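*Asks:* Pasted the sequence and its predicted model underneath.
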Amino acid sequence: MAASSKARVQRKNQANASAHVKRKMLSAHLSAELRAKYGVRSARVCKGDTVIVVRGNQDIKNIEGKVLNVYTKTGRVAIDGVTINQADGTAAERPIHASNLVITKLNTEDQWRMDALSKKSKEASE
């Protein structure tokens, strides 16, 4: 069965996707330096990564910050320094979709993640 081209069906499929599929939707492109180092184009955004916003409104575009939270259910990421003013004047974190980000520095604390990235770079070089 072919995938639908209807926007509402795409949205429904994304919303009703299982957790392991939604996890893949949280991928973002790597910067040129990281891409050359690891030999992969994209990686999953994790808490502690440093990212830069490449798309969006002028007030958030080109802001670089550390990832504070990753919301797997909605596919969005909270970044340090990217806030929105609420009606009462307080600042709240502004979630941004992972596809609008570029990862500039990876969080290297997770050894399993680093092993997976280095394994992919070895496969690409062969």
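*Replies:* Sure thing, it's come through.

*Asks:* Centroid-nearest residue for the chain?
*Replies:* residue 98 (3.2 Å; Cα atoms, centre = their mean).

*Asks:* Mind jotting down where the strands sit in the chain?
*Replies:* In the chain, the segments counted as strands under DSSP state E are 27-30, 42-44, 50-53, 64-71, 76-79, 83-85, 91-93, 96-97, 101-105.

*Asks:* Between those, which one is closest to residue 8.
*Replies:* strand 96-97 (18.2 Å; Cβ to Cβ). For every residue, glycine as well, the C-beta is placed using N, CA and C.

*Asks:* what about the lengthiest helix in the chain, average pLDDT?
*Replies:* Longest helix in the chain, counting residues (DSSP state H): helix 111-125. Mean pLDDT, helix 111-125: 80.

*Asks:* What is that helix packed up against?
*Replies:* In terms of contacts (3 or more Cβ pairs under 8 Å, 6 or more residues apart in numbering; DSSP states H and E), helix 111-125 is packed against helix 32-38.

*Asks:* contact partners of the helix it packs on?
*Replies:* 29, 30, 41, 43, 103, 104, 105, 106, 117, 118, 120, 121 (Cβ atoms under 8 Å, 6 or more residues apart in numbering).

*Asks:* Just among those, which is most surrounded?
*Replies:* residue 103 (24 neighbours; other Cβ atoms under 10 Å).

*Asks:* what are the bridge partners for it, then?
*Replies:* residue 30, residue 51 (DSSP bridges).

*Asks:* mind listing what it touches?
*Replies:* 28, 29, 30, 31, 34, 43, 45, 49, 50, 51.

*Asks:* so what pLDDT did the second one get?
*Replies:* The predicted structure scores residue 29 at 95 on the pLDDT scale.

*Asks:* mind listing what it touches?
*Replies:* Contacts of residue 29 by Cβ under 8 Å, 6+ apart are 35, 41, 42, 101, 102, 103.

*Asks:* Equivalent analysis for residue 110, please.
*Replies:* With Cβ under 8 Å, 6+ apart, residue 110 has these contacts: residue 46.
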